[in-house]
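**Student:** Sequence first, then the predicted structure:
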Amino acid sequence: MLLYFVAFSVIIWVLIRYLGLFLSWLLSVAIRCPLEIGSVGWWRLTDVRIRLPSGLQIHVDVCQLQLFSVLVSKPLLLSLSNLKVEGDALSVVHASPKRSGASSSGIDSKHSLFSRVTQLIQYCGLYITRGHLVLFDAPPGCIFHVTIDELLVETFRSRDGWQIETSCKLTRAKAIRRQTTIGHSLLDLGLHFRLSVDIAKGSLKTVSFRVSDPTVEMSSDVFDELSEQVIFFKPFRNTAENMEDTSNRKEIFSVEHLTDLCIETNNCLLKYHAVSGRESRMLTIAVRGLSVAKDSGKTQTRVVGFSVEDQRQRLALRTSLLVLSHEETVFKRLFPCRMLHIGKFMSIQYSR
């Protein structure tokens, strides 16, 4: 009897001691990617590292599954603490044609796995306390860094499709050169947003996007970098498109069947830096309120408190109200109805 108890204790100790290695091997086989788990706790994994075939490296400090959290209405909540995704944009582009040329059996297995995952996510929400995305050479010679705080994702399934609810407390994006000689980055973006999307029968039906206090700061060099990126990645994109079967491809994000659209933002600020010769100038664009709404074929854009000014006040443009409406009719192809209304106050100032 004592021998059985000792043997059972040793087996339990070995399972607890090497549970992380066993789960790492099991999950690696399931997802077909190298995966390492540092330690295993009660509904908790720490120091999780995943390397995707595209070259992206994913690291999560703490991965925890919570029951009946107050953050979501789902019974389960997957919480990720300090999520980091790093990789080279070139490796992702190189891996795209390989995925396009996959066999039919591999595609069927991926579709089967995707259907199983979609069956599970309707009962589970996602919460990321802090996440980092770092892409090198995107565009070439630059680093693209995105930071998110308190990202919450919740999905709801119906007979026709899906509804996705997303909110983020703060999103920061920055693009900088590796060897920079200027005092500011190519692009610096910060905002807080809420997004609601309805997808039915493979197309978008309803989109609601609300942004609070967006701030964008960019330089004139960003357009040069984007043009170089288009030229650099064009041969890889053409190869992927040639190897892909476009006959079976569906445009999930097509706006052709979009019935309801609502985009709202307030206190938007855009700063544009430009260098002309030895002179450095900055153009500032501010919008106190912007809304775009589409309902039953009628689209209306409303801009409140729009102003454009340069650094030395050589040019100033201000409007208090700008409304642009477009209504689709039966004869929309022959006689589209458009109405432009500029209200209350508008002024343009220019000085040499």
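**Tutor:** Yes, it's here.

**Student:** Pull the contacting residues for residue 56.
**Tutor:** Residues near residue 56 by CB atoms under 8 Å, 6 or more residues apart in numbering: 85-87, 91-92. (Each C-beta comes from the backbone N, C-alpha and C, glycine too.)

**Student:** switch to 10 Å and redo it
**Tutor:** Residues near residue 56 by CB atoms under 10 Å, 6 or more residues apart in numbering: 33, 50, 85-89, 91-92, 95, 133-135.

**Student:** just residue 118 next, same as before
**Tutor:** Here residue 118 is in contact with 155, 157, 162 (CB under 10 Å, 6+ apart).

**Student:** same thing but at 8 Å, please
**Tutor:** residue 157.

**Student:** how near is it to residue 162?
**Tutor:** As judged by CB to CB, to the nearest Å, residue 118 and residue 162 stand 8 Å apart.

**Student:** The contacts of residue 56 into TSV, with extra columns for pLDDT and distance to residue 169?
**Tutor:** As requested, the contacts of residue 56 are exported to TSV (pLDDT from 0 to 100; distance: CB to CB, whole Å):
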residue	pLDDT	distance to residue 169
33	84	30
50	90	25
85	92	19
86	91	23
87	88	25
88	85	29
89	76	27
91	71	31
92	68	28
95	59	32
133	93	16
134	92	20
135	89	22
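
**Student:** Selection in ChimeraX covering whichever of the residues you listed are buried, please.
**Tutor:** A single ChimeraX command selects the buried members of these (16 or more other CB atoms under 10 Å):
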select :50,85,87,88,89,92,95,133,134,135
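
**Student:** Go through the contacts of residue 56 and flag which are in strands.
**Tutor:** 50, 85-88, 133-135 (DSSP state E).

**Student:** Closest one to residue 286 out of those residues, please.
**Tutor:** residue 133 (28.4 Å; CB to CB).

**Student:** hang on, isn't the closest one packed against residue 85?
**Tutor:** Yes - using CB atoms under 8 Å, residue 133 makes contact with residue 85 at a distance of 4.9 Å.

**Student:** ok, back up a step: looking at the contacts of residue 56, which is nearest residue 66?
**Tutor:** Closest approach between these and residue 66, by CB to CB: residue 50, at 21.1 Å.

**Student:** Spatially nearest residue to that closest one, not counting backbone neighbours?
**Tutor:** Nearest residue to residue 50, sequence neighbours excluded (CB to CB, 6 or more residues apart in numbering): residue 58, at 4.2 Å.

**Student:** secondary structure element for that neighbour?
**Tutor:** If you go by DSSP states H and E, residue 58 is part of strand 57-67.

**Student:** Mind listing the strands that strand pairs with, and their directions?
**Tutor:** strand 44-51 (antiparallel), strand 76-88 (antiparallel) (DSSP bridges).

**Student:** Residue 318: which of these is closest?
**Tutor:** strand 76-88 (41.9 Å).

**Student:** what's in contact with that closest one?
**Tutor:** Against strand 76-88 from outside (CB under 8 Å, 6+ apart): 52, 54-67, 69, 71, 123-137.

**Student:** ok, 6 Å please
**Tutor:** With CB atoms under 6 Å, 6 or more residues apart in numbering as the contact definition, strand 76-88 has outside contacts at 55-66, 69, 123-134, 136-137.

**Student:** try stretch 134-149
**Tutor:** Contacts of stretch 134-149 (CB under 6 Å, 6+ apart): 86, 88-90, 130-133, 168-177, 225, 228-229, 232.

**Student:** try 7 Å
**Tutor:** Outside stretch 134-149, the residues within contact range by CB atoms under 7 Å, 6 or more residues apart in numbering are 86-90, 128, 130-133, 168-178, 186, 225-226, 228-229, 232.

**Student:** buried stuff in that stretch?
**Tutor:** 134-139, 142-146, 148.

**Student:** Strands of this structure, start to end?
**Tutor:** Under DSSP E, the chain gives strands at 35-41, 44-51, 57-67, 76-88, 124-136, 142-157, 161-177, 187-200, 203-219, 260-276, 279-295, 298-310, 315-327, 337-350.

**Student:** Now do the shortest one, average pLDDT.
**Tutor:** Meaning strand 35-41. The pLDDT scores in strand 35-41 average 84.

**Student:** cool, the last one as well?
**Tutor:** Confidence over strand 337-350, taken as the mean pLDDT, stands at 46.

**Student:** Check the third one too.
**Tutor:** The average pLDDT within strand 57-67 is 91.

**Student:** Would you mind giving the domain segments of the protein?
**Tutor:** Per the record, the chain has its domains at 68-256, 259-352, by automatic domain parsing.

**Student:** So for stretch 263-282, mean pLDDT?
**Tutor:** 82.

**Student:** then it to PDB, C-alphas only?
**Tutor:** The C-alpha trace of stretch 263-282 is given here as PDB (Å, rounded to 0.1, in the frame of the first residue of the first chain):
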ATOM      1  CA  ILE A 263     -18.600  57.600 -37.700                       C
ATOM      2  CA  GLU A 264     -18.200  60.200 -34.900                       C
ATOM      3  CA  THR A 265     -15.100  62.000 -33.700                       C
ATOM      4  CA  ASN A 266     -14.400  65.000 -31.600                       C
ATOM      5  CA  ASN A 267     -11.500  67.300 -30.800                       C
ATOM      6  CA  CYS A 268      -9.400  66.000 -33.800                       C
ATOM      7  CA  LEU A 269      -6.000  67.600 -34.200                       C
ATOM      8  CA  LEU A 270      -3.600  67.100 -37.100                       C
ATOM      9  CA  LYS A 271      -0.100  68.500 -37.200                       C
ATOM     10  CA  TYR A 272       1.900  68.400 -40.500                       C
ATOM     11  CA  HIS A 273       5.600  69.200 -40.600                       C
ATOM     12  CA  ALA A 274       7.100  70.200 -43.900                       C
ATOM     13  CA  VAL A 275      10.600  71.400 -44.800                       C
ATOM     14  CA  SER A 276      11.100  73.800 -47.700                       C
ATOM     15  CA  GLY A 277      14.700  74.600 -48.300                       C
ATOM     16  CA  ARG A 278      16.100  75.700 -44.900                       C
ATOM     17  CA  GLU A 279      12.700  76.700 -43.600                       C
ATOM     18  CA  SER A 280      10.600  74.400 -41.500                       C
ATOM     19  CA  ARG A 281       6.900  75.000 -41.300                       C
ATOM     20  CA  MET A 282       4.000  73.300 -39.600                       C
END
